[in-house]
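> sequence and computational prediction follow.
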Amino acid sequence: MANTPPYGQPQNGQPQYNQPPQPQAPNYSQPQPGGPQYGQPQPMPYGQPQQYGQPQPYGQPQPPMPQYGQPRPMPYGQPAMPQPTASQPAVPQPAMPQYAQSQQYGQPQPPMPGNFPSQQAGAAAKNKPPVAIIIGAVAAVVVIALAAVFFLTNRVSRSDYEEALVQTQALESSYTAINEEFSSAASATDNDSSSAYDEGKKKLKTFKQDSDKLAAMKAVKKDKDVKEKYETFERDRAKYERYMNDLAQTMPALMKMTHTCTKLPKFDSADMSSYYRDLSKALESCAADAGDLAKVPIKSYAEYGTDMQESVSKKKDIVDQMADLNLNDIEYGSADYEKLQDLHAKMSDIDSPTLDQSDLQKAAKEADLSGSLKDLETTLSEKIK
């Protein structure tokens, strides 16, 4: 007892409780404090509960107990602490306070504004609507939007009808102007030239362009009744355009043939031989122009030209025989006189062709646009009311 040190003083170099352990220089030939003592109970591995009832070696530095619920990983980016081995003692480290420390990698993080805690992620995922419902909702919105667009783009307003009506009335005016232009060309003094119909053909081209503008208007495209009337008009317009273009090619050929075939030499009883020779030349020119008329696109006019060419050619042959007679010295009852009388009879037997007006009138009636234009105008006017 005399060798017992006072209370609070170290005994045999061992630290007192509640005093920090003092590190000693290691002696590798002796067992080291804190190292594994063979035959002595060992501390439980970190994280395992203490086995109650097991004595701890007295005087050995105790490892700091882990704080419940607090992991003890090393700070992120710091080197790992060296682990004790059988030949190297473990240097005891004082337990660091857990409060006011910076967050260590691997520790639970507090929820930040705008972020959800990790433990709530599963619950949020469970509350999400199924993908099929989302897709169905989006599809419904798209269908409604398309239906609205379809309604707005297909609805014909009053202004749409008025726009189409104005264009239809403009077509009526153009139609009248074209007919007047062609009639004027037919009665002109130079109507035997195709240039007389150039102005009419220009107006006809503009008429087609105006008709295409009407076809592109909303009232015609979207309204069933108006569209039906326009389609009827368009079929008639195509016939009218074709007929008028054919007239522009036919009328000059007809007028040219008419002028040529009516320009005959004046009869001269004092020089009958010269008269028949001049008449033969005139008939030759008439037959040539009749051949040109036979090539026009209007069938009735072409047939008329063919018949005229054949008839005039036959008459020319007879006139050529008359010119070969000695008509200047002809005597009544002579052979030349009898021959001349016989040739006159043959010429009289040749029929002069006529133009078939019935076919022409039929073609003109089929090309008439006044009826279909009027129906289109009436339908548009009723839509505006």
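That came in fine, so what should we check first?

> that's a helix at residue 266, yeah?
No. Under the criterion used here (DSSP: H, G, I helix; E, B strand; the rest coil), residue 266 is coil, not part of a helix.

> C-terminal to whatever helix or strand residue 212 lives in, what's the next element?
Using DSSP states H and E, residue 212 sits within helix 198-215. Once the chain leaves helix 198-215, the next helix or strand it forms, by DSSP H and E, is helix 218-222.

> what mean pLDDT does that next one get?
Mean pLDDT, computed over helix 218-222, is 95.

> and it, what does it pack onto?
Helices and strands in packing contact with helix 218-222 are listed as helix 158-186, helix 224-262; criterion 3 or more CB pairs under 8 Å, 6 or more residues apart in numbering; DSSP states H and E. Any C-beta I mention is one placed from the backbone N, CA and C, and that applies to glycine too.

> name the residues that touch stretch 202-210?
Defining contact as CB atoms under 8 Å, 6 or more residues apart in numbering, one finds that stretch 202-210 is touched by 167, 170, 171, 174, 175, 177, 178, 181, 237, 241, 244, 245.

> the fifth one and residue 370 touch, don't they?
Pointing back at residue 175 there. Yes. With contact defined as CB atoms under 8 Å, residue 175 and residue 370 form a contacting pair (7.3 Å).

> out of these two, which sits in the busier spot?
residue 175 (20 against 13; other CB atoms under 10 Å).

> ok, and the closest non-adjacent residue to the more buried one?
Counting by CB to CB, 6 or more residues apart in numbering, residue 175 lies nearest to residue 369, which is 5.4 Å off, once chain neighbours are set aside.

> can you check residue 220 too?
With sequence-adjacent residues excluded and distances taken as CB to CB, 6+ apart, residue 220 is closest to residue 230, at 4.9 Å.

> what about the one you found, neighbour count?
Residue 230 is flanked by 26 other residues according to other CB under 10 Å.

> just residue 207 next, same as before
Residue 207 sits with 21 neighbouring residues when counted by other CB under 10 Å.

> so what pLDDT did it get?
Listed pLDDT for residue 207 reads 96.

> what's the answer for residue 77, then?
48.

> same thing with the one 4 residues further on?
For residue 81, the model assigns a pLDDT of 48.

> kindly report the same for residue 45.
48.

> can you check residue 309 too?
Looking at residue 309, its pLDDT reads 96.

> so what's it closest to, chain neighbours aside?
What sits nearest to residue 309 in space, not counting adjacent residues and going by CB to CB, 6+ apart, is residue 290, at 3.8 Å.

> for the record, mean pLDDT for the helix or strand harbouring that neighbour?
In this structure, residue 290 is located in helix 272-293 according to DSSP H and E. For helix 272-293, mean pLDDT is 94.

> contacts for that helix?
Residues outside helix 272-293 that contact it (CB under 8 Å, 6+ apart) are 250, 253-254, 256-257, 260-261, 263-268, 301-302, 304-306, 308-309, 312-313, 315-316, 319-320, 322-323, 325-328, 330.

> now list the buried members of those residues.
Neighbour counting by 16 or more other CB atoms under 10 Å classes 250, 253-254, 256-257, 260-261, 301-302, 304-306, 308-309, 312-313, 315-316, 319-320, 322-323, 325, 327, 330 among these as buried.

> distance of the residue nearest to residue 309 relative to residue 258?
When CB to CB, to the nearest Å is the yardstick, residue 290 and residue 258 sit 10 Å from each other.

> okay, the two: which has more neighbours?
For residue 290 against residue 258, the residue with the higher neighbour count under other CB under 10 Å is residue 290, and the figures read 27 against 17.
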